[in-house]
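> Quick one, structure for this:
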Amino acid sequence: MAVSMSAPVFASDDSEGGAGIAKEDLKIGAIYIGDENEGYTAAHMAGIDEMVENLGLDDSQVIEKTLIGEDEGCYDAAADLADQGCQIIFANSFGHETYILEAAGEYPDVQFCHATGTQAASSGLSNMHNYFTNIYEARYVSGVVAGLKLNEMIADGTVKEDACKIGYVGAFPYAEVISGYTSFYLGAKSVCPSVTMEVKYTNSWASFDLEKECADALISDGCVLISQHADTTGAPTACEAAGVPCVGYNIDMTSVAPNTALTSASMDWGVYYTYAVQCMIDGTAIDTDWCKGFAEGADKITPLNDKVVAEGTEDKVKEVEDALSDGSLHVFDTSTFTVDGKELDTYEKDGQEYVSDGYFHESEYGSAPAFDVAIDGITSITE
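Model prediction:
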C-alpha cells in the first residue's frame, strides 16, 4: 500500500518531450496470461481493440501473445516483440513483472507497461511503467447490487436477516484480492447491515474446476450469494446450478448464469491503452504509475441483469457511482467498519501512516491499499 510518486517518463529519450511517432509507424505488443476464453485477458483484449479504434490504427499494428506464463517465457515473449520492432509493450499479469523488468533493462528504447505491478518507480528504469485501475471502486458498486438483492431476499422470505452470509471465491491472498473482497463486502454492508462473508482461495488466477469447487463449498456452507476475484465462469456455473445469485468479474456472466448473475465488477482497459499509445504518438509523458477509477471511466460494472437484480438497483448504482466520481464517497471510509470491535482511526505499515481524513488512502500504483487488516463481519478466510 506504499504510496509511490515519481516523475513521469517520456516516450522519447528527451525528458522534455519529443517529436513522437507517426501513427502509421507504430507497432504495439501485448503479452497476456490467458486468452479470449479467460475473462481477465478478454477484458484486456477488448481494451486493446478499443485503443486501436480510438486512435485510428490498423489491427496489423498490434502483435498479441496469449497464454504467456509467469516464468522465463514472459521475457522471451517481450524480447521477441521488441525484436519485431514494437515500440511499446504491455503485459497484464502480476507475475510477469520480474521478466518485464529484465526486458526493459535490455531494450531501453522500448516502453514497457505492466498491469498490477509495483516496481516501476523503484526500478530506476525510465522506460518501465505500472498501471491498474481502482477496481475496488467497481467491487464496492457490485457489492451494493448484491446487498440490494439480499434485502429483496429478506423481504420475500428467501433468507432470514441474520443469515445473510455471502461467499467470495478469491484467487490468491494478495493485497489486491484482499482489498477487493473487503470493498465488495463494504458495498453490500452499506445497504444490508446484517451481511457477513466467507472467503475461500483457489490459489490460481484461472481454474474453472477450482472456482466451481470453491463456490459449491461456499454454498454448502450456507452462503446465499457468491462473488469472485477469479477469472473463469466456474463460480457462476455453480451458482446457476444451485439457483444462488452471483456477482462476476471482468465480463458479463449472464451467458452462463442467465437466472442468477446480477452484474460483474469490471475495468475499461481501453482508457489506459489509449492514453499510453497516444503518449507515444505525441511524444509526451507516460506516467510511471497510473491508476484511475470511475471518475475517468476506467472502472465500471457490466450491464445489470434486469431479470435478477432487485427493484431500484439502477437508480442506487447511479447514485453510488456519481458519489465515487465526485469524491464524496470513499470506499475505505473507516467509520463504516470495525476491527476487533473497534473503529480503525490509524493504520501504519513500514513507518507509513495510511489513514487520514477518515479513510484509507488509495495507492498511486497497483490496485488499492494493501488492506491486510481483517475487518469484522468477514467470518473466515480459508486457503
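> Ala30 sits in which helix or strand?
strand 28-31 (DSSP states H and E).
> At which residues are the strands of the stretch 51-200 of the chain located?
Using DSSP state E, counting those that start in this stretch, the strands of the stretch 51-200 of the chain run over 62-65, 88-91, 111-115, 128-133, 165-170, 196-201.
> Now tabulate the ones you listed in a markdown table and tack on mean pLDDT and distance to Ala257.
No exception for glycine: its C-beta is placed from N, CA and C like everyone else's. Output for the strands of the stretch 51-200 of the chain, formatted as a markdown table (pLDDT from 0 to 100; distance: least, Cβ to Cβ, whole Å):
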| stretch | mean pLDDT | distance to Ala257 |
| --- | --- | --- |
| strand 62-65 | 98 | 28 |
| strand 88-91 | 98 | 30 |
| strand 111-115 | 98 | 27 |
| strand 128-133 | 95 | 24 |
| strand 165-170 | 98 | 13 |
| strand 196-201 | 97 | 19 |
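> Gln352 is nearest to which of those?
Proximity to Gln352, assessed across the strands of the stretch 51-200 of the chain by Cβ to Cβ, is greatest for strand 128-133 (18.3 Å).
> Which strands or helices does that closest one pack on?
Under the contact definition 3 or more Cβ pairs under 8 Å, 6 or more residues apart in numbering; DSSP states H and E, strand 128-133 sits against helix 97-106, strand 111-115, helix 120-123, helix 270-282, strand 289-292.
> That one to strand 111-115, inter-axis angle?
If you take axes from the mean of the first three to the mean of the last three Cα atoms, to 10 degrees, strand 128-133 sits at 30 degrees to strand 111-115.
> Helix 97-106 and strand 128-133, what's the angle between them?
Using the same axes, to 10 degrees: strand 128-133 against helix 97-106 is 140 degrees.
> now what about strand 128-133, what contacts it?
9, 100-101, 104, 111-121, 267-269, 271-272, 276, 286-293, 298-299, 365-367 (Cβ atoms under 8 Å, 6 or more residues apart in numbering).
> And the helices in the stretch 151-300 of the chain?
For the stretch 151-300 of the chain, the helices defined by DSSP state H, counting those that start in this stretch cover 175-191, 208-220, 234-242, 270-282.
> what's next to the shortest one, contact-wise?
When you say that, I think you mean helix 234-242. Residues contacting helix 234-242 (Cβ under 8 Å, 6+ apart): 169, 207-216, 219, 226-228, 244-246, 248, 253, 256-261.
> out of these, which are buried?
Among the contacts of helix 234-242, those buried by neighbour count (16 or more other Cβ atoms under 10 Å) are 169, 207-208, 210-216, 219, 226-228, 244-246, 248, 253, 256-257, 260-261.
> I'd like to know how many residues surround Gln278.
By other Cβ atoms under 10 Å, 17 other residues sit near Gln278.
> residues contacting the nearest residue to it once chain neighbours are set aside?
Distances taken as Cβ to Cβ, 6 or more residues apart in numbering put Leu55 closest to Gln278, at 6.5 Å, once the chain neighbours are dropped. Contacts for Leu55 (Cβ under 8 Å, 6+ apart) come out as 23, 274, 277-278, 281.
> gap between Ala285 and Ile88?
13 Å (Cβ to Cβ, to the nearest Å).
> can you pull the contacts of Ile219?
Counting by Cβ under 8 Å, 6+ apart, Ile219 touches 167, 226, 238-239, 242, 244.
> Now the two most distant members of those.
Gly167 and Ala242 (11.1 Å).
> and those two? which has more neighbours close in?
Gly167 (27 against 14).
> how close does the more buried one sit to Thr313?
In terms of Cβ to Cβ, Gly167 sits 20 Å off from Thr313.
> for Trp290, same thing?
Distance, Trp290 to Thr313, using Cβ to Cβ: 31 Å.
> try Asp216
Relative to Thr313, and taking Cβ to Cβ, Asp216 is found at 27 Å.
> neighbours around the residue nearest to Val110 when sequence neighbours are not counted, how many?
Counting by Cβ to Cβ, 6+ apart, Val110 lies nearest to Ala82, which is 4.9 Å off, once chain neighbours are set aside. Around Ala82 there are 20 other residues, counting by other Cβ under 10 Å.
> how about Ala82, what does it touch?
29, 89, 103, 107, 110.
> For these, which single residue is the most surrounded?
Ile89 (28 neighbours).
> Hmm, Cys113 and that one touching each other?
Yes. The criterion here is Cβ atoms under 8 Å, and Ile89 meets it with Cys113 at 7.1 Å.
> In the stretch 1-150 of the chain, what residue spans correspond to helices?
Using DSSP H, counting those that start in this stretch, the helices found in the stretch 1-150 of the chain span residues 39-55, 72-83, 97-106, 120-123, 135-155.
> Tell me which of the ones you listed sits most buried.
helix 135-155 (a mean of 25; mean count of other Cβ atoms under 10 Å).
> which helices and strands sit right next to that helix?
helix 175-191, strand 225-229, strand 246-249, strand 261-267, strand 299-301, helix 313-326.
> Same list (the ones you listed) but as CSV, adding mean pLDDT and distance to Gly39.
Output for the helices and strands packed on helix 135-155, formatted as CSV (pLDDT from 0 to 100; distance: least, Cβ to Cβ, whole Å):
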stretch, mean pLDDT, distance to Gly39
helix 175-191, 93, 14
strand 225-229, 98, 10
strand 246-249, 98, 6
strand 261-267, 97, 8
strand 299-301, 96, 14
helix 313-326, 97, 21
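> Asp35: which of the ones you listed is closest?
Between Asp35 and the helices and strands packed on helix 135-155, the shortest separation by Cβ to Cβ is 16.6 Å, and it involves strand 246-249.
> May I have that closest one as CSV, with CA atoms only?
Provided in CSV are the C-alpha atoms of strand 246-249 (Å, rounded to 0.1, in the frame of the first residue of the first chain):
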residue,chain,number,x,y,z
CYS,A,246,-23.9,-14.2,-8.1
VAL,A,247,-21.6,-11.3,-9.0
GLY,A,248,-18.9,-12.0,-11.5
TYR,A,249,-15.6,-10.4,-12.5
